[in-house]
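> Dropping the sequence and predicted coords here.
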Amino acid sequence: MKKVGYLRNAIAKSNGFYSPTGEKLKSQRLSDEFIAEWNGTKAAPAPKVEEVVEEVTEEVVEEAPKPVAKKKGKKKKGKVTLAGIAKAALGKN
């Protein structure tokens with residue numbers, strides 16, 4: 001890889017190019033392969049991920065449902081409408 005210009009002494013990192021003193025010269029996303037080629041190192045191999053599967057057994061215990069007491073609440077009133085007022089006035093309720 002031919003390095004020219006102000007980046008010729010730069011160090012490539014995943015988020016851009018840096019000077020040897022640590023100053024960020026150019027912000028850019030760089031791949032691991034490009035970083036390895038630019039810096040003259042070997043790219044680290046991708047870590048192997050082993051899938052671990054554990055068998056989970058659950059014991060199901062059925063219980064009889066507990067009786068639920070009904071709550072006594074206030075009776076809800078309906079909306080007041082002109083027709084309702086007229087019915088009440090005429091005694092058709």
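Looks like it came in fine.

> from here on, contacts and neighbour counts on C-alpha atoms
Will do.

> Please enumerate the helices of this structure.
32-39, 82-90 (DSSP state H).

> So, low pLDDT: which residues of this structure?
Applying pLDDT under 70 to the chain flags residues 43-46, 73-77, 92-93.

> mind listing the strands for it?
Applying DSSP state E to the chain gives strands spanning 11-13, 16-18, 24-27.

> For residue 59, find the nearest of those.
For the strands of the chain, proximity to residue 59 was assessed by CA to CA; strand 11-13 is nearest, at 51.7 Å.

> which residues does residue 54 contact?
The neighbourhood of residue 54, defined by CA atoms under 8 Å, 6 or more residues apart in numbering, contains no residues.

> cool, the one 4 residues further on as well?
Taking CA under 8 Å, 6+ apart, we find residue 58 in contact with no residue.

> Please report how far residue 13 lies from residue 67.
66 Å (CA to CA, to the nearest Å).

> between those two, which one's more packed in?
residue 13 (20 against 6; other CA atoms under 10 Å).

> if I look at the closest residue to that one other than its chain neighbours, how far off is residue 62?
Computed as CA to CA, 6 or more residues apart in numbering, the closest residue to residue 13 that is not its neighbour in sequence is residue 35, at 6.2 Å. To residue 62, residue 35 is 60 Å away according to CA to CA.
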